[in-house]
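> okay, predicted coordinates and the sequence, questions at the end:
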Amino acid sequence: MSLTIASCLTMLVIIAFFTTKRFLHPFEQLLIFFLLVFGYTSFVSIVYVNLGLWELSQRVQDVVAFRLNGLVYVPLTILWFIGLWRGAARNFFRYGVLLGCFLILLYSGDYLLRLYGVYQYHEWNHMILGTAWISLFAITLLVQHFFRLLLKKERILL
C-alpha cells in the first residue's frame with residue numbers, strides 16, 4: 001500500500017510539473033533537480049544512517065517508496081515550486097500562498113508515508129523537516145540565481 005501511495009503522489013507531482021508553464025531554462029531545471037536530489041538524499045542519509053533519528057521499515061515495498069519519495073517526489077516538488085516562485089509576480093500574498101501550498105504538499109506526502117509505516121521518527125521534531133525543506137529551497141533559489149547570471153553571461157539565456 002505504501003508503494004502505491006508513494007507512486008500516486010509522485011505521478012501527481014510529475015503531471016503537475018509537466019502541465020504548468022515553465023519559467024526556467026532546461027539547463028536550470030537539470031541543475032536544480034540534480035542539486036536537490038544530492039542535497040535531500042544527503043540530508044536524509046545523515047538523519048537516518050548517521051544520527052538514527054528515523055527508523056525505516058525493512059519491507060522491500062517500503063524501501064522503494066522511501067527512495068521514490070527522496071529521489072523524485074521531494075526534489076520535483078521543490079523544483080516545481082521554484083518554477084512557480086519565479087513565475088509569480090512580486091507579490092507578498094502570492095509568495096505566501098505558494099509557500100503554504102508547498103509546505104502542505106510536502107507535509108502531506110511525509111504524513112502518508114509515516115501513516116503507512118514506511119518510516120518512523122525517534123526524537124524528531126516536525127518543524128526540523130519543514131526548516132530543512134525551506135532552507136534547501138532558499139539555497140537552491142540562490143544557486144539558480146547565480147546560474148542564471150552565468151547563462152546570461154555565456155549568452156545561452158537572453
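Structure received. Model, not experiment: these values are computed from the prediction. Residues are numbered from 1 along each chain as shown.

> Met127: which element?
Assigned by DSSP states H and E, Met127 belongs to helix 126-153.

> so how far is that helix from its chain's centroid?
11 Å (C-alpha atoms, centre = their mean, to the nearest Å).

> tell me who's in contact with the closest residue to Trp54 other than its chain neighbours.
Nearest in space to Trp54, with sequence neighbours left out and distances taken as C-beta to C-beta, 6 or more residues apart in numbering, is Tyr48 at 4.6 Å. C-beta coordinates here come from the backbone N, C-alpha and C atoms, glycine included. Counting by C-beta atoms under 8 Å, 6 or more residues apart in numbering, Tyr48 touches 54, 56, 119.

> the second one contacts Phe66, doesn't it?
Yes: at 6.0 Å, Leu56 and Phe66 qualify as touching, with contact defined as C-beta atoms under 8 Å.

> intersection of neighbour lists for the two?
By C-beta under 8 Å, 6+ apart, the residues touching both Leu56 and Phe66 are 118-119.

> ok, and the most crowded of the contacts of Tyr48?
Each of those was scored for neighbours by other C-beta atoms under 10 Å, and Tyr119 scores highest at 21 neighbours.

> just give the nearest non-adjacent residue to Leu68, would you?
That would be Ala6: by C-beta to C-beta, 6+ apart, it lies 4.8 Å from Leu68.

> same for the helix or strand the one you found falls within, what does it pack against?
Counting by DSSP H and E, the element that carries Ala6 is helix 2-19. Using 3 or more C-beta pairs under 8 Å, 6 or more residues apart in numbering; DSSP states H and E as the contact criterion, the neighbours of helix 2-19 among helices and strands are helix 60-68, helix 74-87, helix 92-115.

> perfect, I'm done here.
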